[in-house]
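Engineer: Give me coordinates for this.
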Amino acid sequence: MYFTTIATLVASLALTSALPLSPPLNTASLTFHGAAGAQYTLSVPLDGSTTSTNNALSISSISTDGFDVQNNCRIHAVDYTPALVQGPPNTWQVGPPQTIIDISCTSGGSPSGQVISIELDGAADAKYFISVPLGGGPVYTNNALSISQVRSTYNIPNCKFDTVDYTPVFVQIASGVWNMGPPQTVRSVSCPA
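Structural biologist: Below you'll find the model as predicted:
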């Protein structure tokens, strides 16, 4: 009986010691690329918390294992928020190249309800995409690219575009395609339900 009690006590202690003390943290591995093959990799939590890079390397691109940096991360750089343009698969070009001070990312979960996709086009085939929940708050673009054309199956003139200069005017030139004037950086977009 003494042996059974000790064996039960040891088994209980072993099980409670094996339990994790905190839930696992969901992270994304981001590799920051500079000139001449210089790079560093960070594991960034996907909870919106800020991760300092602690690295002065001037960054020209960011690559991942499939995580969408452009739509799910906010970047703080030495000069101003860089434009992120998707290049090769899972790689975003940083323009202009500069030192990244810190980055924060979320898992990219969409709010419940209908979400539309909007393509924002600039010069020389540069473009990016955002997903906007209908009836939700503004979606920040985190992109300094000057936009001259917008594509979506949604009626774009119904959306509110927060831009760096003037309130934009939209002229539909084809089904689902609007020219935006004057061309300028879009800070955020919100659309009614």
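
Engineer: Let me see the domain layout of this protein.
Structural biologist: 27-106, 115-190 (automatic domain parsing).

Engineer: Adding mean pLDDT, write these out as CSV.
Structural biologist: Listed next are these as CSV, based on pLDDT from 0 to 100:
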stretch, mean pLDDT
domain 27-106, 88
domain 115-190, 92
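
Engineer: Could you save those as CSV and add columns showing mean neighbour count?
Structural biologist: The way it works is simple: take the backbone N, C-alpha and C, and place the C-beta from them, glycine included. Converted to CSV, the domains of the chain look like this (neighbours: other CB atoms under 10 Å):
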stretch, mean neighbour count
domain 27-106, 16
domain 115-190, 16
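
Engineer: Just the CA atoms of the longest strand seen in the chain, as PDB, please.
Structural biologist: Ordering each strand of the chain by length in residues (DSSP state E) puts strand 91-106 first. Below are the C-alpha coordinates for strand 91-106, written out as PDB (Å, rounded to 0.1, in the frame of the first residue of the first chain):
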ATOM      1  CA  THR A  91       8.800  38.100 -50.600                       C
ATOM      2  CA  TRP A  92       8.000  41.800 -50.200                       C
ATOM      3  CA  GLN A  93      10.300  44.600 -51.600                       C
ATOM      4  CA  VAL A  94      10.800  47.400 -49.200                       C
ATOM      5  CA  GLY A  95      10.900  50.900 -50.700                       C
ATOM      6  CA  PRO A  96      12.900  52.800 -50.200                       C
ATOM      7  CA  PRO A  97      15.400  50.500 -48.500                       C
ATOM      8  CA  GLN A  98      15.900  51.600 -44.900                       C
ATOM      9  CA  THR A  99      16.600  50.400 -41.300                       C
ATOM     10  CA  ILE A 100      13.600  48.800 -39.700                       C
ATOM     11  CA  ILE A 101      13.300  49.800 -36.100                       C
ATOM     12  CA  ASP A 102      10.400  47.500 -35.100                       C
ATOM     13  CA  ILE A 103       7.600  45.400 -36.400                       C
ATOM     14  CA  SER A 104       4.200  44.200 -35.100                       C
ATOM     15  CA  CYS A 105       2.100  41.500 -36.700                       C
ATOM     16  CA  THR A 106      -1.300  39.800 -36.200                       C
END
